[in-house]
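Peer 1: how would this look folded up:
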Amino acid sequence: MQMEKVIIYQVFTRLYGNRNTTRKENGTLEENGSGKMADFTSKVLKDISQMGITHIWYTGIIRHATQTDYSKYGIPRQHPAIVKGRAGSPYAITDYYDVDPDLAVDVKQRMTEFEQLVERTHRAGLKVIIDFVPNHVARQYRSICKPRKVVDLGETDDPQKGFDPQNNFYYCPGERFSPYFDLYAGEEQPYLEEPAKATGNDHFDNAPGRNDWYETVKLNYGVDYYAGRRGCFTPIPDTWLKMTDILLFWAKKGIDGFRCDMAEMVPAEFWAYATAEVKKVYKDIVFVGEVYNPHEYRRYLQSGFDWLYDKVGMYDTMRNVICHHQSPFDISRAWQQTDDIRDHMLYFLENHDEQRIASDFFAADGNKGVPGMIASVLMQQNPFMLYAGEEYGERGMDHEGFSGNDGRTTIFDYWSVDTLCRAASKQLTPEEQQLFDIHKKTMLIARKQKAIGEGVFFDLMYVNPHLQRQYAFLRRHEKDLMLVVVNFDDVDVDIRVNIPAHAFDYLEMKEKKVVVTDLLTGEKDDMVLEKDNHVRMTIKARGGRVWKTTN
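Peer 2: So this is what the prediction gives:
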C-alpha cells in the first residue's frame, strides 16, 4: 500500500477569509470583520488541495470566550475582564458542543455551516482536523448546546474541596478570585468567582499574574497536584468520561483528526483511555499532540497519539540554522534524537504560537526560510505543517490589539492577514509569488514522488565536513534516486557533495553516469555516481537543488 506524505495546512479560521482591511487596533467585529466558514468555497478548497495539501487544520472552531455580545442568540455574554482581546482566545472554550458564532454567516445555523464545511472539504479531497482543548476551559464555561442527559462540567463538583478525583475543576476553598488586574473592565459589576478555581497553566492559587493563563481554569483529570501530582484514576475520573464524550461528538461530525492543545498537561493515562474509545468507533481518526518535552514523546505515542510536534528538536534547530545561529550539522543531530519515532514527528516552521519567518523577530525575510522548508518537507516520511500566509512570506508585524507587535499573527483580535487578502485578489508582489511557487513545487514533489512518501533517507553530512551552511541528503525508492541539497547561505555557492560507499550499499545504488532533473526548475544535468567520490553543483542563495534520476 502506498504511503501518503501528509501535509497539514493550518488556517486560523477567523482570519483566513476576512477581506476587511480596516485593521483598527483593538477593533470590534463590526469594524474589522471576521472570516467565515463559508469563505472556504469549493474553489478555495480545490486551490488548497492543488498546493499539495492533504489535511486542513481549522483552528478555532469550537465556541470560545469573546467580548462580542451574542446574547440575542441565547449565547451567554462573557465578562470582558477575563477575555484576552476583543475576539478572545480560541483556547478559552466556553462550550465544547458549540461552534464559534464569529465564523457563521447565520449564527443560528452555525453547526450546520460547520457540517457543510466538513462536506465541502472532503469533496475537495482534503481531510479535516480541528482543535481539541483538553487542559483548560474559559472561566465562565457553560454549555448551552450539550446533548440532553449530558451533565455540564463542574455541575456536580464539590467546590469546598481543593481536589476531588470526581470534581471537574480544582478549587481554592474560602478564597475569591483575585488576579492582578481590574475585575470591572468597564462593566458596572466586577467579575466574581468564589471560591476561585485553579488557573489553566497549573497555577493553583486564587491570584494569577499577568503572564498566567488567567482567562482559563484547569480541568481535573484525577491528578492531585496538592499531593505531589499523585494520580487517582480508579474509579475512572468523571472528567475522563465527559471529555471522551466530547471527542466522540465531534468525531461523529465526520472530522478526520484532532490537534490536541497542550496535550502533555493532561495525564497520558487519560489519552490511552480516550484515544482507544474513539478509535473503537472511528479507527482512522488521528490525534496530533502538542507535546514539548522530548522525554515524554514515547509515552504519549504509546497513549494513542499519531503525530507529535517536533518543536524543541527540529523546529528550534531549523530556526537557528536559518538565522545562522547553529550549523546545518545540527539538523542531523535533531532528527537522530527521534529516529526511532521519526514517522510520528510533525515538522513545521510556523504555527499560530510561533513568530513568522519574515518577522523582524525571526529572519525578517520569508525567502530565508526556503532551505529550511525544503529540508523539512523532503528529508523524512513524517508529516509537515504549513501555516496560512507562510507561503507568501507573511510578516506578522502588525499592532493588532491585545496581541501587540510580536511577530505573530494574532489569535486574540479581529483582524485580516495582508498577504492572504492580496493573494485572493491576485495582488501579490513578484517576490511573494515566487515564494509561493517554491512552496507549492516542494509540497507537490513530496506528494508525487515515492522516494519522499515511501523512500529511504540517507544523511550525507557526516562525509561532508567542509559544508558550512548547506545540508545534503539522499532519498531512494526502488529505481528512483533523489539528491537534495539546500543552501542556508546568503550567497550563491558552488560546492561538491561527497557520496560514500556506504550509501551505495545501504541504498543499493549502482555506480554509473546518469542524467538528473532538478524537480524545482526542470533543468537537466549530467552526474557521475561513484563510490567515495563527489558531485558538483551550484545553488543560489537561500535556495536548493532537488535532483532526481533513475538508478
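Peer 1: need the helices for the stretch 251-400 of the chain, in chain order.
Peer 2: Per DSSP state H, counting those that start in this stretch, the stretch 251-400 of the chain carries helices over the ranges 268-281, 297-302, 316-322, 329-336, 370-378.
Peer 1: Which strands or helices does the longest one pack on?
Peer 2: Packing contacts for helix 268-281, counted by 3 or more Cβ pairs under 8 Å, 6 or more residues apart in numbering; DSSP states H and E, involve helix 238-251, strand 286-289, helix 297-302. Bear in mind the C-beta positions are built from the backbone N, C-alpha and C, glycine included.
Peer 1: which residues touch that helix?
Peer 2: 134, 221-222, 231, 233, 236-237, 239-240, 243-244, 247-248, 251, 260, 263, 285, 287, 289, 296, 299-300, 302-305 (Cβ atoms under 8 Å, 6 or more residues apart in numbering).
Peer 1: Tell me the pLDDT of the closest residue in space to His477 that isn't next to it in sequence.
Peer 2: If the residues on either side of it in the chain are set aside, His477 comes closest to Gly455, at 3.6 Å by Cβ to Cβ, 6 or more residues apart in numbering. pLDDT, Gly455: 97.
Peer 1: Over to Met3?
Peer 2: Reported pLDDT for Met3: 74.
Peer 1: swap in Asn551?
Peer 2: 87.
Peer 1: so how many other residues sit close to it?
Peer 2: The tally of other residues near Asn551 (other Cβ atoms under 10 Å) stands at 17.
Peer 1: same thing with Met243?
Peer 2: The burial count for Met243: 23, using other Cβ under 10 Å.
Peer 1: quick one: contacts for the residue most central in space within the chain?
Peer 2: The residue lying closest to the centre of the chain (Cα atoms, centre = their mean) is Asn351, at 5.2 Å. By Cβ under 8 Å, 6+ apart, the contact set of Asn351 is 10, 385, 387.
Peer 1: before we move on, the earlier item: got JSON lines for the helices of the stretch 251-400 of the chain, with distance to Thr21 and mean pLDDT too?
Peer 2: As requested, the helices of the stretch 251-400 of the chain are exported to JSON lines (distance: least, Cβ to Cβ, whole Å; pLDDT from 0 to 100):
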{"stretch": "helix 268-281", "distance to Thr21": "41", "mean pLDDT": "98"}
{"stretch": "helix 297-302", "distance to Thr21": "41", "mean pLDDT": "98"}
{"stretch": "helix 316-322", "distance to Thr21": "30", "mean pLDDT": "98"}
{"stretch": "helix 329-336", "distance to Thr21": "39", "mean pLDDT": "98"}
{"stretch": "helix 370-378", "distance to Thr21": "28", "mean pLDDT": "98"}
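Peer 1: Deepest-packed of the ones you listed, please.
Peer 2: Among those, helix 370-378 has the highest mean neighbour count (mean count of other Cβ atoms under 10 Å), at a mean of 26.
Peer 1: Weed out the non-buried ones from the contacts of helix 268-281.
Peer 2: The neighbour count (16 or more other Cβ atoms under 10 Å) marks 134, 221-222, 237, 239-240, 243-244, 247, 251, 260, 263, 285, 287, 289, 296, 299-300, 303-305 as buried among the contacts of helix 268-281.
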